[in-house]
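sequence and predicted structure, then a few things I'm wondering about:
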Amino acid sequence: MYALVDGNNFYVSCERVFAPHLVGRPVVVLSSNDGACIARSNEAKDIGVKMAQPWFQVRHLEKTAGLVAVSANHELYGDMSARMMAVEARYAPRQEVYSVDESFLDFDGVRDDLVDTGRAMRAAILRETGLPTSVGFGATKTLAKLANNIAKTADRKPGSYPAHLAQVCDFSRLSPDELDALFGATDVGLVWGIGRRTTEKLQAGGIATVRDLLRADAATLRRQFSVVLEKTLRELRGTSCMALDDAPAPRQQILVSRSFGTPITHVDGILEAASEFASRAAERLRQQGSVAGAIGVFFTTSAFRTADRQHNVNVTIPLVRPTADTAELLRAVEVAVRTQFRAGFRYAKAGAVLSELQAAGHAQGELDLFSTSEEPAPPAPDPRARLMQAMDALNNRFGRDSVRIGSTTMASRNAEVAVWATKQERRSPRYTTRWEEMPVVRA
Ligand SMILES: [Mg+2]
């Protein structure tokens, strides 16, 4: 038996823990540079704010509807997530952290009443972190996800589902008739793994609800759609096809990107931004003990600014040897930007992507084909790697950017260069991870 535990409106809830006056108000969290709404409270959803909607489109709701917008505070969310996951881990023998606010728990062999366990876990998370969650139980991961969705919806929209399923929903407790009624009232598009395109195709074929899908013929679905959909159907019918992945594989790609508060028109501005994003990505790369075989750089104009001429650059540069060395990566970034940049465009977003990742040790052990010596490269610690280690340690201790790799743009700083720097005018303090930003309680 699996559980899926999910934080409700997670980013907004993290903000509310330290700013209780935000409870009950429409709140959105804005992406970096305050560009788009990336999280919404229920109240914000109710006044019509859409996911990923650009901020300028809903800004007027500040005055007319009391909408509150805050800048994303990922350091806070990451730390709150770790605390939440640690509480959840106490309740089951195995846990798979699936995303920043979701984890699967494996209750196989646990004999306790699951609804009671779910309620106790939910209460403990709320008491110890201040974060509200929803809990769904099912025989497979897909069913646990769906049960979670129903627990959340029953809580948020009274009347949508039976009230006793709110907050904690255990499918194994329900009779076949009760389940059939639930599935008949649930859109097929809410099933984990069924995307918008597939939903439209299913609907066109008369499959609108989960109940319709359960009655469909597996072989026909596989023919018309894919084995993936057939697997989803088997999971919905209670046959587990996805195991708990409790040791997640290291990420296969590391992406750091951002939109600019003000468009950038100068090559130095793009170069500095792309270098900064590549440096951040390299930091994460070293954290997970990997090296990258390729680096991608992109910078684009904004499709929302319809009056602007559009130009989108997206290049991937293979690296001669896989590396985690920021200086080497920045050289590739510079080549990409200088060769691809076109004057006369207003670039609104840029990013760096590290790909073809592999374990650092593995790459080190390879024969050095580029060495002129006949001896294989010595396995002694690479001084460049040690330099990177020292840089990461210093930045960790004294704050980001205490030490950084200089790039040519630093010397030629012009007025535009610093424009990309994150504009996060509304960011809350990093209460739980910075001594100097700790909440102060007056008694
Ligand atoms: Mg969530």
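That came through fine.

need the next SSE after the helix or strand harbouring residue 64, C-terminal direction.
Using DSSP states H and E, residue 64 sits within helix 61-65. Later in the chain than helix 61-65, the nearest helix or strand by DSSP H and E is strand 68-71.

okay, buried residues for the helix or strand just after that following strand please.
Downstream of strand 68-71, the first helix or strand assigned by DSSP H and E is helix 74-89. Using 16 or more other Cβ atoms under 10 Å as the burial criterion, the residues of helix 74-89 that qualify are 74-77, 79-81, 84-85, 87-88. All C-beta atoms are positioned from the backbone trio N, CA, C, and that covers glycine.

nearest to residue 341 among those?
Among the buried residues of helix 74-89, residue 74 lies closest to residue 341 (Cβ to Cβ), at 28.7 Å.

tell me the confidence at the closest one?
Here the pLDDT value assigned to residue 74 is 85.

likewise for residue 159?
pLDDT at residue 159 comes out at 92.

residue 377 now?
Per-residue pLDDT puts residue 377 at 50.

go on, residue 422?
pLDDT, residue 422: 57.

repeat for residue 434
Value for residue 434, per-residue pLDDT: 85.

wait, what's in contact with it?
residue 75 (Cβ atoms under 8 Å, 6 or more residues apart in numbering).

need the residues of the chain near the ion, please.
By Cβ under 5 Å from the ion, the residues of the chain that approach the ion are 6-7, 10, 101.

among these, which ones are in helices?
Within these, residues falling in helices by DSSP state H are residue 10.

okay, helices next: where are they in the stretch 51-200 of the chain?
55-58, 61-65, 74-89, 114-129, 141-156, 176-184, 196-204 (DSSP state H, counting those that start in this stretch).

nope, the stretch 251-400 of the chain is what I meant
Going by DSSP H, counting those that start in this stretch, the stretch 251-400 of the chain shows helices at 267-287, 326-340, 360-364, 383-398.

can you redo the ones you listed as TSV with mean pLDDT and mean neighbour count?
Formatted as TSV, the helices of the stretch 251-400 of the chain follow (pLDDT from 0 to 100; neighbours: other Cβ atoms under 10 Å):
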stretch	mean pLDDT	mean neighbour count
helix 267-287	91	23
helix 326-340	93	19
helix 360-364	60	15
helix 383-398	82	13
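
just to revisit the earlier point, closest to residue 62 among the residues of the chain next to the ion?
residue 10 (22.5 Å).

how about the closest one, what does it touch?
Applying Cβ under 8 Å, 6+ apart, the residues near residue 10 are 39, 77, 81, 100-101, 131.

over to residue 15?
22, 27, 29, 70, 73, 76, 428.

distance-wise, check the second one relative to residue 131.
Here residue 27 is placed at a distance of 15 Å from residue 131 (Cβ to Cβ, to the nearest Å).

out of these two, which sits in the busier spot?
residue 27 (27 against 22; other Cβ atoms under 10 Å).

and that one, its phi and psi?
phi -130, psi 140 (degrees, to the nearest 10).
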